[in-house]
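> Pasted the sequence and its predicted model underneath.
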Amino acid sequence: MIVGVLQIALRLPEAHSLKEKRRVLKSLTTRLRNRFNVSISEVDSQDAWQSALLAVAYVGADRGHGNRLLDQVLRFAERERQIEVVDSKLEFL
């Protein structure tokens, strides 16, 4: 069993309240879950309006597939107009 975890640090420059931030993140996380069948959660900066840290998890039997899938997740997030990917970190356990 392979577990891959992708951490994505985000900046939300247009969010001027926690409500706006939650709306943008809810939309993004729902689309990522539906498209890639991954688990995703905001794991840090919950009280900051314009920043977020998301953790995306993959569990499977093939590290290569997990690496490709999580790379696609990152590219998907980078194409979003309402957010800016500041940093990312991928690790396999």
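The structure has been received and is ready for your questions. Everything numeric in this text was worked out from a predicted model, so none of it was measured.
> what's the spacing between the spatially most central residue of the chain and S45?
Residue closest to the average C-alpha location in the chain (Cα atoms, centre = their mean): L54, at 4.4 Å. Distance, L54 to S45, by Cβ to Cβ, to the nearest Å: 10 Å. Where C-beta positions appear, they are placed from N, C-alpha and C, glycine not excepted.
> Show me where the protein has its helices.
Applying DSSP state H to the chain gives helices spanning 18-36, 63-78.
> by how many degrees do the shortest one and helix 18-36 diverge?
Read it as helix 63-78. Relative orientation of helix 63-78 and helix 18-36, computed by axes from the mean of the first three to the mean of the last three Cα atoms, to 10 degrees: 140 degrees.
> Any buried residues in helix 63-78, and which?
G66, N67, L69, L70, V73, L74, A77 (16 or more other Cβ atoms under 10 Å).
> Touching it from outside, list them.
2, 4, 6, 8, 10, 28, 31-32, 35-36, 38, 54, 56, 58, 60, 83, 85, 88, 90, 92 (Cβ atoms under 8 Å, 6 or more residues apart in numbering).
> ok, of these, which come out buried?
4, 6, 8, 10, 28, 32, 38, 54, 56, 58, 83, 85, 88, 90.
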